[in-house]
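**Q** Return atomic coordinates for the entry below.
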Amino acid sequence: MTVFLVIIVLALLAVTGWQISKIFQLSQRPDADTSQVANDKDNRLNGILMLGFVIFLYVITIYCFWEYGRFYLPEAAAEHGSEYDNLMFISIGLIMVVQIITQFLLHFFAYKYKGKKTQRALFYADNDKLEFIWTIIPVIVLAGLIIYGLFTWSDIMNINEDEDPMVIELYAYQFDWRARYSGEDNTLGKANVRFIEGVNQLGVDESDSYGKDDKIVTELHLPVGKPVLFKFRSQDVLHSAYFPFHRAQMNVVPGMITQFGFTPTITTEEMRQSEYMVDKVKSVNEERNERNKELVAQGEPTLDSYEFDYFLLCNKICGQAHYNMQMKIIVESEEDFNAWLEEQPTFGSTMEDSSENVDRPEDTAGDDTPESMQEDGSEEGQEMENAPQEGEEVAVVD
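**A** Okay, the predicted model is just below:
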């Protein structure tokens with residue numbers, strides 16, 4: 001009902017405005033120009049407005065760069081990140097130069113060549129020289145950007161095997177991630193979604209000896225300065241592994257393995273101490289504190305204090321919980337990483353523990369009765385076991 005009333009009010013306002021415009025037309029002088037064709041005065045006004053608009057455009061652009069530049073990308077946390085950022089800076093710089101020149105010419109010519117009754121436009125059917133210029137310049141510039149980008153892309157995609165990169169599989173499914181480390185042999189065991197059963201959530205082939213020492217975790221740890229080769233698998237739909245601070249992203253496609261690699265260069269603690277991140281954390285916590293005051297007044301739970309962490313995100317809309325599909329990443333020293341990895345159970349030991357739990361008889365599993373009663377299965381033993389203890393009340397059932 002409220003929506004219906006709002007629509008009626010808006011319709012009445014539109015009718016009122018239309019009627020007022022009619023009144024203004026009737027109140028004009030008899031000699032007023034009511035023609036719908038633009039005259040010299042209209043053209044001069046529009047030319048001035050075009051100049052004013054381009055000046056406004058430049059002012060707002062400068063203001064946005066000055067005021068919101070702090071929201072720009074932080075320092076890259078991967079070895080190839082500087083080349084990635086340089087490519088983006090060059091692209092943005094070229095776009096800004098072209099934008100400034102073309103916008104100025106567009107609006108200046110709109111003012112300079114505004115319509116006049118005594119002026120006629122000169123028409124060119126074609127101009128081969130101009131067409132060649134505005135075609136060959138973009139071709140050269142784009143070719144240079146593409147070639148530069150290919151070198152950067154090659155650094156990410158083609159990992160030098162001589163550097164002995166650590167191999168990690170990232171497994172995506174709705175709506176979470178799992179990481180599988182390749183163990184001491186640095187070789188991942190074979191896997192297939194058809195093998196998924198019980199605790200084997202990633203479908204690792206139990207018959208493959210290379211998979212015995214693999215380690216499956218829910219939190220990704222990376223050693224700083226160590227090349228890492230990531231291999232990606234998806235259990236269900238198309239996902240996308242996105243490392244924003246490491247300037248890397250790769251589609252995770254069902255039925256195939258994709259890969260890329262990079263070398264982390266900044267630990268989590270070092271990034272937390274950077275000037276950019278200190279300011280960001282402070283700003284976020286100030287906003288959360290203000291929000292917490294409102295939540296306390298409403299009797300609702302408050303927000304936790306924000307602390308920076310690297311995260312692996314899904315950058316494809318993969319379902320209802322896509323927004324929350326992420327995995328925490330901890331970049332640390334190689335010593336801390338090795339100590340953490342040593343504590344993680346291997347796939348082989350996990351499967352052995354699972355088999356033991358399945359094979360254990362149900363009547364003895366978790367039995368706390370004395371040994372003599374477990375060995376003695378006689379009726380007397382059963383009576384002793386079921387007999388009430390001293391001081392224990394006995395419930396009588398009619």
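**Q** Contact partners for residue 77?
**A** 245, 246, 264, 265, 266, 271, 310, 331 (CB atoms under 8 Å, 6 or more residues apart in numbering). Heads up, the C-betas are built off the backbone N, CA and C, glycines and all.
**Q** Name the nearest residue to the fifth one, sequence neighbours excluded.
**A** Closest residue in space to residue 266, ignoring its immediate chain neighbours: residue 77 at 4.3 Å, by CB to CB, 6 or more residues apart in numbering.
**Q** okay, that neighbour: pLDDT?
**A** Residue 77 carries a pLDDT value of 91.
**Q** What about the contacts of residue 77, which are in strands?
**A** 310, 331 (DSSP state E).
**Q** Show me where this structure has its strands.
**A** 166-173, 176-181, 215-217, 220-223, 228-234, 239-243, 248-252, 258-262, 310-314, 326-332.
**Q** Output the contacting helices and strands for the third one.
**A** When contacts are defined as 3 or more CB pairs under 8 Å, 6 or more residues apart in numbering; DSSP states H and E, strand 215-217 packs onto strand 176-181, helix 347-359.
**Q** switch the cut-off to 7 Å
**A** Secondary-structure packing of strand 215-217 (3 or more CB pairs under 7 Å, 6 or more residues apart in numbering; DSSP states H and E): strand 176-181.
**Q** Likewise for the fourth one?
**A** Applying 3+ CB pairs under 7 Å, 6+ apart, we find strand 220-223 packed against strand 326-332, helix 334-343.
**Q** Can you give the distance of the last one from its chain's centre?
**A** Helix 334-343 has its C-alpha centroid displaced from the chain centroid by 27 Å (CA atoms, centre = their mean, to the nearest Å).
**Q** Over to stretch 78-94?
**A** 19 Å.
**Q** hmm, who's touching it?
**A** 73, 76, 141, 145, 148-149, 152, 155-156, 246-248, 262-265 (CB atoms under 7 Å, 6 or more residues apart in numbering).
**Q** Tell me the one of those nearest residue 326?
**A** residue 246 (14.2 Å; CB to CB).
**Q** ok, back up a step: in helices only, show me the contacts of residue 77.
**A** Judged by DSSP state H, the contacts of residue 77 include residue 271 as members of helices.
**Q** any chance of the contacts of residue 77 in TSV, plus distance to residue 211 and pLDDT?
**A** Shown next, in TSV, are the contacts of residue 77 (distance: CB to CB, whole Å; pLDDT from 0 to 100):
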residue	distance to residue 211	pLDDT
245	31	92
246	27	91
264	25	94
265	31	93
266	32	94
271	33	93
310	27	93
331	26	95
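**Q** Could you work out the most separated pair of the contacts of residue 77?
**A** Longest span within the contacts of residue 77, CB to CB: 265 and 310, 12.2 Å.
**Q** Compare the two (neighbour count), which wins?
**A** Using other CB atoms under 10 Å as the criterion, residue 265 and residue 310 rank with residue 310 on top: 21 against 18.
**Q** Give me the nearest residue to the more buried one, chain neighbours excluded.
**A** Residue 310's closest residue in space is residue 329 (CB to CB, 6+ apart), at 3.7 Å.
**Q** pretty sure that neighbour is in contact with residue 337, am I right?
**A** No - assessed by CB atoms under 7 Å, residue 329 is found out of contact with residue 337, at 11.9 Å.
**Q** Would you mind measuring from residue 159 to residue 241?
**A** In this view, residue 159 and residue 241 are 16 Å apart by CB to CB, to the nearest Å.
**Q** neighbour-wise, which of those two wins?
**A** Between residue 159 and residue 241, residue 241 has the larger neighbour count (other CB under 10 Å), namely 23 against 19.
**Q** May I see the PyMOL selection of the buried members of the contacts of residue 77?
**A** The following PyMOL line selects those of these that are buried, judged by 16 or more other CB atoms under 10 Å:
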select buried, resi 245+246+264+265+266+271+310+331
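**Q** I'd like the contacts of residue 77 laid out as JSON lines, including distance to residue 49.
**A** Listed next are the contacts of residue 77 as JSON lines, based on distance: CB to CB, whole Å:
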{"residue": "245", "distance to residue 49": "44"}
{"residue": "246", "distance to residue 49": "47"}
{"residue": "264", "distance to residue 49": "53"}
{"residue": "265", "distance to residue 49": "51"}
{"residue": "266", "distance to residue 49": "50"}
{"residue": "271", "distance to residue 49": "48"}
{"residue": "310", "distance to residue 49": "49"}
{"residue": "331", "distance to residue 49": "53"}
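**Q** Quick check: of the contacts of residue 77, which lies closest to residue 228?
**A** Among these, and counting by CB to CB, the member closest to residue 228 is residue 264, at 7.2 Å.
**Q** Contacts for stretch 314-330 next, please.
**A** Residues from elsewhere that reach stretch 314-330 (CB under 7 Å, 6+ apart): 172, 174-177, 219-222, 237-240, 242, 249, 268, 309-313.
**Q** to the chain's geometric centre, what's the distance from it?
**A** Using CA atoms, centre = their mean, the offset of stretch 314-330 from its chain centre is 7 Å.
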